[in-house]
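J.: Here you go, sequence then predicted model.
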Amino acid sequence: MHLPKRKKGLARGSKSLPNGKKKKIGINSWGQPNQENSETNTYSSDIGFQVCMNLFIIYESFKDFANDHIALVVEGLEECYNISHVAWFDLKEKIRDAWKRFKSHLNTTLIVGNILGNVKAFLALEFVLREDWVMFIDYCNSEKFLVYVYVILTYPCVGVFFLSFERLS
């Protein structure tokens, strides 16, 4: 089985500042983090790290998560950042996008193009329960998922419709 080479070690998330203060995130008038701030890049990476740590990969939709799981991600961020002034809608959208990227990364790098039996036998990744890993592999190879991916790749404008519809519902 071909596995990608690791270029870097697994991120461990940010640490709070030595004096115990939290990093401040600059925001615009709508409460969204400013992109030009160097802390924003670290903040975005830390959202991804907290998502890997606290959100399950077995759900089909982000709407399936209980608020308790999302709260764990927010608590992890609050250890290092002062996010009280960040808009909730923006934070939740960033968490959802990080979760989707994580699942997509797992699928494209570890599942697609590999023999399913070998992938299932391979130990689950750190932060992923073994049972969840097997369910995720089965989902990524289900007819429903493969049709969804085919439609998105074949008709990109339909993908925009699906994303818009998911945000509305």
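T.: Thanks, I have the structure now. Residues are numbered from 1 along each chain as shown.

J.: Could you check how far the residue located most distally from the centre of the chain is from residue 46?
T.: Most distant from the centre of the chain: residue 19, at 30.0 Å, with distances by C-alpha atoms, centre = their mean. Residue 19 sits 19 Å away from residue 46, going by C-beta to C-beta, to the nearest Å. Heads up, the C-betas are built off the backbone N, CA and C, glycines and all.

J.: next one: residue 133
T.: 24 Å.

J.: which of those two has more neighbours?
T.: Higher neighbour count among residue 133 and residue 46: residue 46, with 23 against 20, using other C-beta atoms under 10 Å.

J.: pretty sure that one contacts residue 80?
T.: Yes: if you go by C-beta atoms under 8 Å, residue 46 and residue 80 touch, sitting 6.7 Å apart.

J.: so is the most centrally placed residue in the chain in a helix, a strand, or just coil?
T.: Taking C-alpha atoms, centre = their mean, the centroid of the chain lies closest to residue 99, which sits 2.0 Å from it. Judged by DSSP: H, G, I helix; E, B strand; the rest coil, the three-state class of residue 99 is helix.

J.: Can you give me the pLDDT of it?
T.: Residue 99 is assigned 91 on the pLDDT scale.

J.: where's it relative to residue 154, distance?
T.: Look at residue 99 and residue 154: by C-beta to C-beta, they are 25 Å apart.

J.: Likewise for residue 51?
T.: Separation of residue 51 from residue 154 (C-beta to C-beta) stands at 29 Å.

J.: okay, the two: which has more neighbours?
T.: Shown here are residue 51 and residue 154; by other C-beta under 10 Å, residue 51 has more neighbours (26 against 9).

J.: shouldn't the more buried one be in contact with residue 98?
T.: Yes: shown here, residue 51 and residue 98 form a contact pair, counting by C-beta under 8 Å, at 4.3 Å.

J.: how about the strands in this protein?
T.: Per DSSP state E, the chain carries strands over the ranges 23-24, 81-82.

J.: Neighbouring strands - and their directions - for the first one?
T.: Meaning strand 23-24. Paired neighbours of strand 23-24 in the sheet (DSSP bridges): strand 81-82 (parallel).

J.: The partner strand: how far from the chain's middle?
T.: Relative to its parent chain, strand 81-82 has a centroid offset of 20 Å by C-alpha atoms, centre = their mean, to the nearest Å.

J.: Repeat that for stretch 53-63.
T.: Mean C-alpha position of stretch 53-63 versus that of the full chain (C-alpha atoms, centre = their mean) differs by 8 Å.

J.: for that stretch, which positions count as buried?
T.: By 16 or more other C-beta atoms under 10 Å, the buried positions in stretch 53-63 come out as 54-55, 57-59, 62.
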